[in-house]
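Q: Sequence first, predicted coordinates after that:
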Amino acid sequence: MIKELKVCLEVGKNYQPKAQYSISMLLRPLGLGPKFCCRNDLNNHGLYYGHHPEGLDAGVIILSFASEVEDFFEARQEIDIKLIKWNHYEDFDYPIVFSSEKGDDLIASTFFWLSGWQEFTVRARDRHGRFPYHASLQSSLNIAHIPVVDIHRAVLQEQLSSSKIPVNSKPLNGNHWIFCPTIDVDYLKHWRLGMMFREKVEYFLFNNRNVTILERCCRYFQFIKSYFTPGDAFQKALSQMHKYIRRYGCATVFLKTGAHGPNDVHYQLDQSYVHKMVRDLKSDHFEIGLHSSYHAYDHPEYLRTERKRLTNLIGDAPSSVRNHYLRYAPIITAPLQSGAGFRIDATLGFAESAGFRNGTCMPFLKFDCLNNKVIDLWELPLIIMDGALFNRQKFSPDEAVSYSQDLLLQCKKFGGTGVVLWHNVMGEEMDYYGWNNHFEQLIEWAHQQGAHIDSLKGALETWLGHRI
C-alpha cells in the first residue's frame, strides 16, 4: 500500500519532470508516493525542494537544492569529476554528484544515476556500440560495487524518520530481498560447424601455445569426450540449470527468435526440443523473455517481429526483454521497447564489469532524457554477468563467487533485487571452466541468505504489489 506524501517543488519548468521522477523513484521503495502540491498545502508536513526554502513550517523537510543543476541538465553537460564531493555512510565512502553549501542535492544526484545521464552525454562507445565501463564514473571513481542511489534513499529515510514520517519497507513475499536468476540462450546447439572448427583447429593449433603439453592433452581428452557424449552440452546445461533453480524458485529464460548478422546464431524454433523446453519451463512457472537479436536494440521492425515470433511460440506476449551483447542506445532503445509492448528490460549492466550501472539494485522506471519524460518501462538492473566476471575481469572461480556475494549482500542490505545473468554455454567445461560452479554456489547461497528467488516478472509484481 503506497501512502501519499506531500511534496512541493519550486524549480524551473524543464527541470521539474526530472525532479518529480527522482523523488518518485526514491520514495516508492519506502512505501510512499509523492503528491505534488504548492507550498501553502504542505501544512507543517511533507517535503520541499527548490529555490526558496525560506518561511516554511518547522515540520517540513527541506531537501538541499544545488541551483546550478538546472543549467547543467539544460546544457546537457558532462560531469566534472573534480567537483564531486565524497560522503561516508556506514561502510562506504560514496560520491555526491551535486551539492551546495547547504548540503547534498540527493534529488539531482539520484536523477544523474537513474536516468543514465552519463551515457546520454558521454560519446565513448565500444566496437559493439555500447557505453564502455572504462568511460564511466563507476570506473573513474572505483564505485561499481556501491549502490549510490540506494544510499541516497537510506539518507532520505533517516530524514523522514527523524520527522516522524513513517515508511513501509515491507517484506517481499516474506523475504527482505529478491534474487532473480536469468539465463540468456545464445545457442541452442553446441556442435555446429563453426564451433567444431574453433575448438578443434583454432584452439588446439593456435590459441594454446602457452599451455603445457599435459594440460593440452587433458583438454583434448575433454574435447573428444564431450564430442562423443550423447546429447548436446548446451541443451543439457539448460535442462540442468532449469532443474537446479526450481528447487528454490523460478527464473527468467531469454530465448532468441531472430538472427540478422554474424553476431547472431540462428536456431530453429519449430523443432520438438524447443517446444518441449517451453512446456517444461512454463509448467514450473518460469518466465520466458525475448533475447532480442544483435541489431534489434535500435531497429523497431526487428524487435516487433521477434516479439511476435516469441508470442506465437510460448502462447503469451512476453513482458521482459534483454538485448543481445547488452547493446543499448540511451535515446532509442527504451522508447522502442516500451512501444513494442514490453514492461521490463534487464539489459543495463556493464559488459566488462559486474556492479551497479545505474547506482541501484531497485527496479526503476526509465527516463527519456531527450524528450524529458518518464517511459512506461521498468528496468530491473543487471548486477552480475558470468562473462564479465570470467572473461573480462579474469576472476578465478572462487574469486567470482566471492565478488558476486559481496555485490548481492548490498541487494540484501537495501532490500532490492539481485539480477544475475548466466549462459547455458556452461555445459562446455573446457571453454567455460568454473561457470557452473559459480551458478550453483550463488543460487544455494542466495537461498541461505533468505532471498525470494523469482523471475523478473514475478519479482516486479511482488515489488509493486500488483500484476503487470
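A: Structure's in. What do you need? Numbers count the residues shown, from 1 in each chain.
Q: Low-confidence regions, the protein specifically.
A: 191-230 (pLDDT under 70).
Q: what's the closest non-adjacent residue to Arg39?
A: Spatial nearest neighbour of Arg39, excluding adjacent residues (CB to CB, 6 or more residues apart in numbering): Cys8 at 4.8 Å. Every residue, glycine included, has its C-beta placed from N, CA and C.
Q: SS state for that neighbour?
A: strand (DSSP: H, G, I helix; E, B strand; the rest coil).
Q: before we move on, what about Pro181?
A: Of the three states, Pro181 takes strand according to three-state DSSP.
Q: how about it, what does it touch?
A: For Pro181, the contact set (CB atoms under 8 Å, 6 or more residues apart in numbering) comprises Ile245, Ala251, Thr252, Val420, Trp422, Ile443, Ile453.
Q: which residues does it bridge with?
A: Val420 (DSSP bridges).
Q: Please report how far it lies from Asp316.
A: Here the criterion is CB to CB, to the nearest Å. By it, Pro181 lies 20 Å from Asp316.
Q: With Pro95 instead?
A: Distance, Pro95 to Asp316, by CB to CB: 42 Å.
Q: More neighbours: the two, which one.
A: Shown here are Pro95 and Asp316; by other CB atoms under 10 Å, Pro95 has more neighbours (22 against 11).
Q: Identify the residue spatially nearest to the more buried one, adjacent ones excluded.
A: Of all residues not flanking Pro95 in the chain, Ile84 sits nearest, at 4.8 Å (CB to CB, 6+ apart).
Q: residue contacts, the one you found?
A: Contact partners of Ile84, counting by CB under 8 Å, 6+ apart, are Pro95, Ile96, Val97, Leu141.
Q: Quick check: Leu313 touching Tyr267?
A: No - look at Leu313 against Tyr267 with CB atoms under 8 Å: they stay out of range, at 11.6 Å.
Q: what's the overlap in contacts for the two?
A: Shared contacts of Leu313 and Tyr267, defined by CB under 8 Å, 6+ apart, comprise Val274.
Q: hang on, the earlier thing: would you mind measuring from the residue nearest to Pro95 to Ser161?
A: Distance, Ile84 to Ser161, by CB to CB: 27 Å.
Q: likewise Asn323?
A: 40 Å.
Q: same question, Tyr15
A: When Tyr15 is compared with Ser161 (using CB to CB), they lie 28 Å apart.
Q: ditto for Asp57
A: Going from Asp57 to Ser161 by CB to CB gives 19 Å.
Q: rewinding a little: comparing Tyr15 and Ser161, which residue is more hemmed in?
A: Taking other CB under 10 Å, Tyr15 and Ser161 do not tie; Tyr15 has more neighbours (21 against 12).
Q: which ones are touching that one?
A: Residues near Tyr15 by CB under 8 Å, 6+ apart: Val69, Glu70, Phe73, Glu74.
Q: Gln118 contacts Val97, doesn't it?
A: No - with contact defined as CB under 8 Å, Gln118 does not reach Val97; the gap is 9.6 Å.
Q: if I look at those two, which residues touch both of them?
A: Counting by CB under 8 Å, 6+ apart, the contacts common to Gln118 and Val97 are Ile79, Phe112.
Q: Which one's more surrounded, those two?
A: The neighbour comparison of Gln118 against Val97 (other CB under 10 Å) goes to Val97, with 27 against 21.
Q: Do I have it right that the more buried one meets Phe112?
A: Yes - look at Val97 against Phe112 with CB under 8 Å: they come within range, at 4.8 Å.
Q: Which residues are in contact with each of the two?
A: By CB under 8 Å, 6+ apart, Val97 and Phe112 have these common neighbours: Ile79.
Q: all strands of the stretch 351-468 of the chain, in order?
A: Using DSSP state E, counting those that start in this stretch, the strands assigned to the stretch 351-468 of the chain run over residues 364-368, 373-379, 382-385, 417-423, 452-453.
Q: Can you give me the neighbour number for the residue nearest to His52 when sequence neighbours are not counted?
A: Nearest residue to His52, sequence neighbours excluded (CB to CB, 6+ apart): Glu10, at 5.6 Å. Neighbourhood size, Glu10 [other CB under 10 Å]: 15.
Q: Report the contact partners of Glu10.
A: With contact set as CB under 8 Å, 6+ apart, Glu10 has these partners: Arg39, Tyr48, Tyr49, Gly50, His51, His52.
Q: phi, psi of the first one?
A: Comment: the main-chain dihedrals of Arg39 come out as phi -60, psi -30, following degrees, to the nearest 10.
Q: count of residues packed around it?
A: Using other CB under 10 Å, Arg39 is surrounded by 19 other residues.
Q: quick revisit: dump the contacts of Tyr15 to TSV, plus distance to Trp435, neighbour count and secondary structure.
A: Putting the contacts of Tyr15 into TSV (distance: CB to CB, whole Å; neighbours: other CB atoms under 10 Å; DSSP: H, G, I helix; E, B strand; the rest coil) gives the following:
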residue	distance to Trp435	neighbour count	secondary structure
Val69	43	23	helix
Glu70	47	20	helix
Phe73	41	21	helix
Glu74	46	12	helix
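Q: how near is Glu399 to Asp406?
A: 11 Å.
Q: who's more crowded, these two?
A: Counted by other CB under 10 Å, Glu399 and Asp406 do not tie: Glu399 has more neighbours, with 15 against 11.
Q: Please, which helix or strand holds Ala334?
A: Ala334 belongs to helix 333-340 when assigned by DSSP states H and E.
Q: Show me what that helix is packed against.
A: On a contact count with 3 or more CB pairs under 8 Å, 6 or more residues apart in numbering; DSSP states H and E, helix 333-340 meets helix 300-314, strand 344-345, strand 364-368, strand 373-379.
Q: Run the angle between it and strand 364-368 for me.
A: Angle between the axes of helix 333-340 and strand 364-368 is 110 degrees (criterion: axes from the mean of the first three to the mean of the last three CA atoms, to 10 degrees).
Q: contacting residues for the residue nearest the centre of the chain?
A: For the chain, Pro381 is the residue whose C-alpha lies nearest the centre (CA atoms, centre = their mean; 1.6 Å). Listed by CB under 8 Å, 6+ apart, the contact set of Pro381 reads 346, 348-349, 356-358, 360-364, 417, 419.
Q: Among these, which one sits closest to Ala388?
A: Distances from Ala388 to the contacts of Pro381, taken as CB to CB, are shortest for Gly349 (7.5 Å).
Q: SS state for that closest one?
A: coil.
Q: Tell me the bridge partners for the residue nearest to it when sequence neighbours are not counted.
A: Leaving aside its sequence neighbours, Gly349 sits nearest to Leu382 (CB to CB, 6+ apart; 2.9 Å). Beta-bridge partners of Leu382, counted by DSSP bridges, are Val419.
Q: neighbours around Leu382, how many?
A: 27.
Q: Ok, His134 next?
A: Neighbours around His134, by other CB under 10 Å: 12.
Q: next one: the one 5 residues further on
A: Other residues near Ser139 come to 16 when the count uses other CB under 10 Å.
Q: next one: Lys394
A: Applying other CB under 10 Å, we find 9 residues neighbouring Lys394.
Q: oh, and call the first residue 598 from now on, that's how I've got it
A: Sure, I'll start counting at 598 from here, so that last one is Lys991.
Q: Just to check, Asp983 is in contact with Asn1021?
A: No - the pair Asp983 / Asn1021 is not scored as a contact, 10.5 Å apart, by CB under 8 Å.
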